[in-house]
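> model the structure of this input:
(2 chains)
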Amino acid sequence: MSEKYPPIKIVNGKKYFYRFNLNQRIQHIILAATVIILVLTGMPLKFSGKPWAPYLYAMFGGIDVAPMVHKITGAIMLVLFVYHVYWLITTIYHNHLLPLKREGKLTFGNVVRVLLRLPMVPNMKDARDIAGLIKYLLFFTNERPAGDEYTWKEKFDYWAPFWGIFVIGITGIIIWNKEFFTQVIPGDAINLCFIAHSDEALLAALFLFIWHWYNVHFSTSVFPMGTVFITGYLPEELMREEHYEHYVRVMKEMGLEDEILPPHGGHSSPCDSDDGDGGLQASAEDGPQAENKIQQGGTAA
Amino acid sequence: MGNCLLCHKYPGLSRVDEAGRMKLMFVNEDIFNKSVHSKVKCEGCHTDITKIPHDPAKPVDCLTECHIVEPTSEQKFSHKEVEKFLNNSVHSKIDEKGRPKQFSEDMPSCKDCHDNPLFRPLAFVKKVRPGIAEDAMGRCRVCHKKEDFIFRFYNHITTRMHKSRSPLNIAQACGKCHDDPELVARHNLKTKAGYSYSETFHGKAANLLDESVPDCLDCHVVKGKSVHQMYGNDDPRSSTYPANRGNICNSVDCHPGASVKFANYKVHAEYSKEQSPVIYWFTTFFIILTGGTLLPLMGIMFLDLLRRLFPNATIMRRRK
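Prediction:
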């Protein structure tokens, strides 16, 4: 895997850090596309009395076609969800549990310990990072917390849709097949399914289109668009801003100790731009040299 | 008599009545000729007008015998039969003993629901299946007595027999009274019916002008009877009587095969602690979840935007 996806790629003298493999990126794009279509075909129903609703609905074929579009898209999302869980379990099994098994340490305690230490599982560092970020945002310090491989924002962005797809998916299947399910569950449970389905969907839409898009596209560090979801590689300045702890670790593993740049002191800003830019220029000048080291590091690993 | 349009063809023809309201007297001949009453002469309904120029006319009474001859009995036609049904229904102005009900003035009379509807082309009707529709036959039986005639007449004027209004239209017509909060409170009704209907998927689809979703009448009128024979939920004759309710939803046009439990779905649930406590607290949970998630994140976003204007400022300590 490290051969296919080198931890650091250098393009035009700038370092890019490996984040997501092709499988993850395709999963993400399918998820993003289905979410957008589901929101566009669902919200006109939730807000059917609003003047914009019929026009938006008409774009998806109106009352005759849009519900079908919504159901097919929802089904694709659920297939993706099932695949993702399958992929998650096999990946964890191959990368974490199988090595344990080979060493003969496959006890219940060890498994729980390994699972809790997975990079996407929330931990105490996330709590400290949130507190650190609040301190930074309220001007109590000018140091951003040094994020690890996955920051609390990314874990939030992962687990919120995970729970959301679960809730919206189950209730969606029930609403879709209400005649079948009411053989067992009472009819007024369908009322609750409608509420859960549409309210959780509104929450998810607002969460993704405001919070997630702000963090990955609209914030001044990445505007107009973050590209990591396409390329799988994150530029060095964003690594230093959001994942400094991980950045330092990767640089050391690759034998690039002397090229480690200081943490991003705040953001580049029209008001104050004397910090951070020097580092970028230096890395551009060091380009060819760094490239050699990466290749050496790659063969050594 | 005749030629009323000599005067009434002028679009500006109007007067201010004793109550100070503007009354438009203009009759649009084009529209009138497309309406269901186009064959009835003006004086057929405005019976108090006998000379021209005429005195202020009384409101039209729909129960008047009119000039049309009813073909099964060859007698003058009248809507009087409808009154019998209506007086026996939940919308009656009088109770079982013939005494006026409390707030009887709130009860609908003919013109509260019926304007002078236009004929609608067949393309607008709801699901059409071959054969005689039972809900259409119910409409015939109000006035016509011979089953054989009803059968032939149905085939003759089949376009008139399907519902002439869109579901949204029906919901709005019923909502004129059933969404009036004062009227709802006066009559101890459990819901603003049009509003709570509009919160269901049926109502939402009706809002988006779906012609095939069920409206008020599809559930509240007993199959084979007319809208004038609606009864209260506590009347065993009513389609929405608890024991009958199970058979509404699983009609062949709607949710065939649905269980009786299916009909326990609360069509008229409102976000109200008194009316539907479970739904109230369930919704409240999601409101809190949404606010509790989004507000802190919006706060962080706002502070983040602010922070980016002064990236290196701090009140405590500076990094070396």
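> show me the helices in the stretch 1-150 of chain A, by range?
Counting by DSSP state H, counting those that start in this stretch, the stretch 1-150 of chain A has these helices, from start to end: A:22-46, A:53-59, A:62-92, A:98-103, A:108-116, A:124-137.
> just put those in JSON lines and tack on mean neighbour count.
C-betas here are computed from N, CA, C, even on glycine. Formatted as JSON lines, the helices of the stretch 1-150 of chain A follow (neighbours: other C-beta atoms under 10 Å in any protein chain shown):
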{"stretch": "helix A:22-46", "mean neighbour count": "17"}
{"stretch": "helix A:53-59", "mean neighbour count": "15"}
{"stretch": "helix A:62-92", "mean neighbour count": "15"}
{"stretch": "helix A:98-103", "mean neighbour count": "12"}
{"stretch": "helix A:108-116", "mean neighbour count": "12"}
{"stretch": "helix A:124-137", "mean neighbour count": "16"}
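> need those helices in JSON lines with distance to B:Phe282 and mean pLDDT, can you?
Shown next, in JSON lines, are the helices of the stretch 1-150 of chain A (distance: least, C-beta to C-beta, whole Å; pLDDT from 0 to 100):
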{"stretch": "helix A:22-46", "distance to B:Phe282": "16", "mean pLDDT": "96"}
{"stretch": "helix A:53-59", "distance to B:Phe282": "24", "mean pLDDT": "95"}
{"stretch": "helix A:62-92", "distance to B:Phe282": "22", "mean pLDDT": "96"}
{"stretch": "helix A:98-103", "distance to B:Phe282": "43", "mean pLDDT": "89"}
{"stretch": "helix A:108-116", "distance to B:Phe282": "32", "mean pLDDT": "90"}
{"stretch": "helix A:124-137", "distance to B:Phe282": "29", "mean pLDDT": "93"}
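> can you list these in a markdown table and add distance to B:Ile68?
A markdown table is the format used below for the helices of the stretch 1-150 of chain A (distance: least, C-beta to C-beta, whole Å):
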| stretch | distance to B:Ile68 |
| --- | --- |
| helix A:22-46 | 45 |
| helix A:53-59 | 40 |
| helix A:62-92 | 39 |
| helix A:98-103 | 89 |
| helix A:108-116 | 83 |
| helix A:124-137 | 80 |
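> point out the one among these that comes closest to B:Met298.
For the helices of the stretch 1-150 of chain A, proximity to B:Met298 was assessed by C-beta to C-beta; helix A:124-137 is nearest, at 12.8 Å.
> for the closest one, output the C-alpha coordinates as PDB.
Extracted in PDB, the C-alpha atoms of helix A:124-137 (Å, rounded to 0.1, in the frame of the first residue of the first chain):
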ATOM      1  CA  MET A 124      -9.200  12.100  25.000                       C
ATOM      2  CA  LYS A 125      -6.900  14.000  22.600                       C
ATOM      3  CA  ASP A 126     -10.000  15.200  20.700                       C
ATOM      4  CA  ALA A 127     -11.500  16.600  23.900                       C
ATOM      5  CA  ARG A 128      -8.200  18.400  24.600                       C
ATOM      6  CA  ASP A 129      -8.000  19.700  21.000                       C
ATOM      7  CA  ILE A 130     -11.600  21.100  21.200                       C
ATOM      8  CA  ALA A 131     -10.700  22.900  24.400                       C
ATOM      9  CA  GLY A 132      -7.400  24.100  22.700                       C
ATOM     10  CA  LEU A 133      -9.300  25.300  19.600                       C
ATOM     11  CA  ILE A 134     -11.800  27.300  21.700                       C
ATOM     12  CA  LYS A 135      -8.900  28.900  23.600                       C
ATOM     13  CA  TYR A 136      -7.300  29.800  20.300                       C
ATOM     14  CA  LEU A 137     -10.600  31.100  18.800                       C
END
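> for it, packing partners?
Other helices and strands packing on helix A:124-137, by 3 or more C-beta pairs under 8 Å, 6 or more residues apart in numbering or on different chains; DSSP states H and E, are helix A:152-176, helix B:277-307.
> any residue of the first one up close to chain B?
Read that as helix A:152-176. Yes - residues of helix A:152-176 contacting chain B under C-beta under 8 Å from any C-beta of the partner chain: A:Ala160.
> after that helix, which helix or strand is next?
With elements assigned by DSSP states H and E, the helix or strand that comes after helix A:152-176 is helix A:178-181.
> residues in contact with that next one?
By C-beta atoms under 8 Å, 6 or more residues apart in numbering or on different chains, the residues outside helix A:178-181 that reach it are A:174, A:190, B:255-259, B:262.
> tell me which two in those are the farthest apart.
Greatest spatial distance in the contacts of helix A:178-181: A:Ile174 and B:Pro256, 18.4 Å, computed using C-beta to C-beta.
> so between these two, which is more surrounded?
Each of A:Ile174 and B:Pro256 has its neighbours counted (other C-beta atoms under 10 Å in any protein chain shown); A:Ile174 has more, 20 against 10.
> need phi/psi at B:Glu105.
Backbone torsions for B:Glu105, taken as degrees, to the nearest 10, come to phi -70, psi -20.
> any idea how many residues pack against it?
For B:Glu105, the number of neighbouring residues by other C-beta under 10 Å comes to 9.
> now swap in B:Ile52 and tell me
For B:Ile52, using other C-beta under 10 Å, the count is 11.
> B:Lys9 too?
13.
> pLDDT at the residue lying closest to it once chain neighbours are set aside, what is it?
Of all residues not flanking B:Lys9 in the chain, B:Glu29 sits nearest, at 6.5 Å (C-beta to C-beta, 6 or more residues apart in numbering or on different chains). Note on B:Glu29: pLDDT of 84.
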